[in-house]
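# predicted coordinates and the sequence they were generated for:
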Amino acid sequence: MENLGTLAAFVQAAESGSFSAAGQRLGLSSSAIGKAVGRLEEDLGVRLFQRDTRRMSLTEEGRLLLDRARRIFEEVDGARSDLARTSADAKGRLRVSMPLVGMLLMPAIEAFWTAYPNIELDLDFSDRLVDLIEERIDVALRSGTPGDSRLMRRKLGSFRLKLVASPDYLERNGTPSSPADLAGHSCLRQRFVGSQTLHAWPLQPDVPDLPVAISASAIEPLLHLVRADKGIACLPPFAVDPAIAAGELRQILSDHMTGGTEMALVWPTARQLSPRARAFIDFMAQAIRFD
């Protein structure tokens, strides 16, 4: 069965007694209704109507399908009502954990708060691995592959890091044509929070001993420095794409970047999802696209 539209065409034809009357109700031509019913009969392998030159009547199979179809549309209408109530009930405090890079997603957060003004957002920005259950976090934005069986997740997509530099920096220092050329450049590196370990740049071929001009545990200072002509940085697309589009940054060595990082919203499996958490997850899944 193709979709609810095809089923709706059948229901209207059955209830009105003709394709032309069904077409008038749905704003379609009688031939479109007839074709939809024909596809449905072919899909199900049964005749739904007995037709002659003067009238059209349901077969036994048609009556059975009509009964089931009416129940389906009742369920759809009920689901719409439930969702409308959910939106209305979306209020109260919502605790959300995000990595520091989540600061760059604040336009989406702002749009959510505008759409749901009765929800009190409590935003925790940290690159430490937060225990959602112990710290009573409702929803968290996480990167990487799933590793906690206590959490449900909704994938937002995945992204590939980008090597970027400002036009002025590249004009003064030259544009690298291969990963090996980075050895002669000012590399702005990110390190893990609370550690001196640096994030690897996913290059092919790999460059194991990339120089370090400046290191930082967050993306924001690296973004500021690369826009200030201080070197080359490896950053996520949602951090640099606006600057690339504006001509403030240029992407380099794109053919040599490998791998991808998955982003997802996660929440505790054992905790019943509140209307406000459900509203946040659904909204952000539409507002944030990484693919």
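Looks like it arrived, so ask away. Numbers count the residues shown, from 1 in each chain.

# tell me the domain boundaries of the protein?
Following automatic domain parsing, one gets these domains for the chain: 4-88, 91-157+264-287, 162-256.

# let me have these in a markdown table, extended by mean pLDDT.
Shown next, in a markdown table, are the domains of the chain (pLDDT from 0 to 100):
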| stretch | mean pLDDT |
| --- | --- |
| domain 4-88 | 83 |
| domain 91-157+264-287 | 80 |
| domain 162-256 | 89 |
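
# would a markdown table of those with mean neighbour count be doable?
The way it works is simple: take the backbone N, C-alpha and C, and place the C-beta from them, glycine included. Shown next, in a markdown table, are those (neighbours: other CB atoms under 10 Å):
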| stretch | mean neighbour count |
| --- | --- |
| domain 4-88 | 15 |
| domain 91-157+264-287 | 16 |
| domain 162-256 | 16 |
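
# mind checking what secondary structure residue 220 has?
Three-state assignment for residue 220 (DSSP: H, G, I helix; E, B strand; the rest coil): helix.

# C-alpha coordinates for stretch 226-241, CSV please?
What follows is stretch 226-241 as a C-alpha-only set of coordinates in CSV (Å, rounded to 0.1, in the frame of the first residue of the first chain):
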residue,chain,number,x,y,z
VAL,A,226,41.9,31.2,12.6
ARG,A,227,39.7,34.2,11.6
ALA,A,228,42.3,36.5,13.0
ASP,A,229,44.9,35.1,10.4
LYS,A,230,46.9,33.2,13.0
GLY,A,231,47.0,29.8,11.3
ILE,A,232,45.2,26.7,10.2
ALA,A,233,42.5,24.9,12.3
CYS,A,234,40.6,21.7,12.1
LEU,A,235,37.0,22.5,13.0
PRO,A,236,33.4,21.1,12.6
PRO,A,237,31.4,22.4,9.6
PHE,A,238,28.7,24.1,11.8
ALA,A,239,31.5,26.2,13.3
VAL,A,240,33.1,27.4,10.1
ASP,A,241,30.5,27.1,7.3
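
# give me the contact list for that stretch.
With contact meaning CB atoms under 8 Å, 6 or more residues apart in numbering, stretch 226-241 is reached by 101, 104-105, 159-166, 168-169, 172, 176, 182, 185-190, 199, 201, 213-214, 219, 222-223, 225, 243, 248-249, 251-252, 261, 290.
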